[in-house]
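Peer 1: have a look at this fold, sequence not included:
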């Protein structure tokens with residue numbers, strides 16, 4: 001088709017389906033679309049047509065995987081978080097968000113390219129969202145299970161998985177170790193890969209954090225992440241007293257629109273602790289739930305806005 005009557009500039013574009021049909025658009029973001037674009041930045045959102053799905057990396061802080069509705073089994077090959085920046089061999093746990101009606105699947109792998117040998121499969125909300133299981137092969141017999149409806153097709157929910165000391169654990173919520181629902185202690189190999197998928201009549205979305213200092217020394221300050229996480233502008237008030245390399249600073253950090261936000265601590269190599277000095281939001285600011293720290297930054301979530309005293313090592 002062609003029409004040659006355009007006599008004005010184009011400054012916007014929108015997409016939709018209708019009239020009894022839904023559908024998916026996959027829209028490339030050209031690396032030449034902006035004179036200020038730096039193609040070396042990992043924070044750019046990317047899209048691709050592989051398996052008819054889309055993937056987005058938000059500001060280098062999290063991965064978003066949109067899994068299409070599958071009438072049959074899962075497809076673990078459609079995404080590879082390790083290729084997208086998740087350093088799986090430096091961590092032993094992971095908290096993530098997911099939204100879907102049923103059958104969220106996670107596969108831990110000894111070999112990132114082997115989907116059948118030395119794997120641990122976790123099903124969250126299987127069997128029409130009535131049962132969750134851990135098994136040591138795809139579609140294998142359950143090694144442990146949990147009964148209950150835990151997924152939601154209308155809102156994101158937090159879950160975590162961990163693998164250490166021979167045990168694989170699964171729990172609800174954003175704090176690793178809290179609200180555990182399943183455990184299997186037969187793991188006798190290293191985990192070097194992880195995959196995500198939906199299946200059996202359900203599609204869904206995973207939001208997976210990219211930790212800035214992933215390590216097996218996981219602390220209770222493990223933070224929530226979400227699909228819009230980014231470094232915010234901070235208001236630094238330096239109450240800078242120091243003991244050797246330990247320093248103190250006051251920083252403003254706001255979770256606007258209930259979105260996860262990271263606030264860097266200038267000059268910090270690591271953070272020892274963070275305390276709420278002043279809450280400026282109606283939403284509660286609660287340590288390890290709606291604010292905390294990780295590596296050399298603090299984070300806020302769930303609408304928490306406040307001023308924080310930070311003790312850090314420079």
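Peer 2: Everything's here; your move. What you see is a predicted model, and the numbers here were worked out from it, not measured in a lab.
Peer 1: quick one, domains of the protein?
Peer 2: 50-209, 236-313 (automatic domain parsing).
Peer 1: out of those domains, flag the one nearest residue 11.
Peer 2: Minimum separation from residue 11 across those (CB to CB) falls at domain 50-209, 23.7 Å. Placement of C-beta: from N, CA and C, glycine included.
Peer 1: for the closest residue to residue 75 other than its chain neighbours, give the beta-bridge partners.
Peer 2: The shortest distance from residue 75 to any non-neighbouring residue, by CB to CB, 6 or more residues apart in numbering, is to residue 197 (5.4 Å). Bridge pairing for residue 197 (DSSP bridges) gives the partners residue 105.
Peer 1: and residue 197, what is it in contact with?
Peer 2: 67, 70, 74-76, 78-79, 105, 107 (CB atoms under 8 Å, 6 or more residues apart in numbering).
Peer 1: same question, residue 253
Peer 2: So residue 253 contacts 232, 234, 261, 263, 291, 298-300, 305-306, 308 (CB under 8 Å, 6+ apart).
Peer 1: coming back round to it: return the subset of the contacts of residue 197 lying in strands.
Peer 2: Assigned to strands by DSSP state E, the following of the contacts of residue 197 qualify: 67, 70, 105, 107.
Peer 1: pairing partners for the strand or helix carrying residue 206, with directions?
Peer 2: Assigned by DSSP states H and E, residue 206 belongs to strand 202-209. According to DSSP bridges, strand 202-209 forms sheet pairs with strand 62-70 (antiparallel), strand 93-100 (antiparallel).
Peer 1: which residues of the stretch 101-250 of the chain fall in strands?
Peer 2: Applying DSSP state E, counting those that start in this stretch to the stretch 101-250 of the chain gives strands spanning 104-109, 119-125, 131-135, 144-147, 157-164, 167-172, 180-184, 193-198, 202-209, 236-237, 242-243, 246-254.
Peer 1: could you redo those strands as JSON lines and give each row mean pLDDT and distance to residue 62?
Peer 2: Formatted as JSON lines, the strands of the stretch 101-250 of the chain follow (pLDDT from 0 to 100; distance: least, CB to CB, whole Å):
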{"stretch": "strand 104-109", "mean pLDDT": "97", "distance to residue 62": "16"}
{"stretch": "strand 119-125", "mean pLDDT": "97", "distance to residue 62": "19"}
{"stretch": "strand 131-135", "mean pLDDT": "95", "distance to residue 62": "23"}
{"stretch": "strand 144-147", "mean pLDDT": "92", "distance to residue 62": "26"}
{"stretch": "strand 157-164", "mean pLDDT": "93", "distance to residue 62": "13"}
{"stretch": "strand 167-172", "mean pLDDT": "94", "distance to residue 62": "19"}
{"stretch": "strand 180-184", "mean pLDDT": "92", "distance to residue 62": "23"}
{"stretch": "strand 193-198", "mean pLDDT": "95", "distance to residue 62": "13"}
{"stretch": "strand 202-209", "mean pLDDT": "90", "distance to residue 62": "5"}
{"stretch": "strand 236-237", "mean pLDDT": "40", "distance to residue 62": "25"}
{"stretch": "strand 242-243", "mean pLDDT": "43", "distance to residue 62": "33"}
{"stretch": "strand 246-254", "mean pLDDT": "90", "distance to residue 62": "17"}
